[in-house]
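Asks: with the sequence up front, the predicted model follows.
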Amino acid sequence: MEHDFPVNGSYAVAAIQMLLGVSIIFQGIVKRYDIFGMLIRAVVPYFYSFSPAVMLVYMLYVVSYNLK
C-alpha cells in the first residue's frame, strides 16, 4: 500500500535544519557532560543488585510453565 503525502519543500528544509541544530546541540551536551558514563555508573549497582532476583523469577516461571 502506497500513500502519497504532499510535502511542502520549505517545511522539509526547515525540519532538516531543526534536526541538524538539535543534533549539534546534543553533541555539545554529550561532550560537556559525560551522560553515558553517568548513566552506566547509576545503572550498574542496580544491575548487580536486581539481576539475581530477576533471574530467579524467570527460572521459576520457566519451570512452572514446563510443569503444565
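Replies: Good, I have the coordinates.
Asks: give me the contact list for the helix or strand bottoming out on mean pLDDT in the chain.
Replies: Ranked by mean pLDDT, DSSP states H and E, the helix or strand of the chain with the weakest confidence is helix 9-32, at a mean of 77. Outside helix 9-32, the residues that touch it by C-beta atoms under 8 Å, 6 or more residues apart in numbering are 35, 36. Every residue, glycine included, has its C-beta placed from N, CA and C.
Asks: what about the helix or strand just after that helix, distance to the chain center?
Replies: Counting by DSSP states H and E, the next helix or strand C-terminal to helix 9-32 is helix 35-67. Remark: helix 35-67 is offset 18 Å from the chain centroid, using C-alpha atoms, centre = their mean, to the nearest Å.
Asks: ok so, going back, quick one: distance of the least confident helix or strand of the chain to the chain centre.
Replies: Worked out by C-alpha atoms, centre = their mean, helix 9-32 lies 19 Å from the chain centre.
Asks: what angle do that helix and helix 35-67 make?
Replies: Angle of helix 9-32 versus helix 35-67, following axes from the mean of the first three to the mean of the last three C-alpha atoms, to 10 degrees, is 100 degrees.
Asks: can I get helix 9-32 in CSV, CA atoms only?
Replies: What follows is helix 9-32, C-alpha atoms only, in CSV (Å, rounded to 0.1, in the frame of the first residue of the first chain):
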residue,chain,number,x,y,z
GLY,A,9,9.5,21.8,0.3
SER,A,10,10.1,24.7,2.7
TYR,A,11,8.7,22.6,5.6
ALA,A,12,11.0,19.7,4.7
VAL,A,13,14.0,22.1,4.6
ALA,A,14,13.0,23.6,8.0
ALA,A,15,12.7,20.2,9.5
ILE,A,16,16.1,19.1,8.3
GLN,A,17,17.6,22.3,9.6
MET,A,18,16.0,21.8,13.0
LEU,A,19,17.2,18.2,13.2
LEU,A,20,20.7,19.3,12.3
GLY,A,21,20.6,22.0,15.0
VAL,A,22,19.3,19.6,17.6
SER,A,23,22.0,17.1,16.8
ILE,A,24,24.7,19.7,17.1
ILE,A,25,23.3,20.9,20.5
PHE,A,26,23.0,17.3,21.7
GLN,A,27,26.6,16.5,20.7
GLY,A,28,27.7,19.6,22.7
ILE,A,29,25.8,18.4,25.7
VAL,A,30,27.2,14.9,25.5
LYS,A,31,30.8,16.1,25.2
ARG,A,32,30.3,18.5,28.1
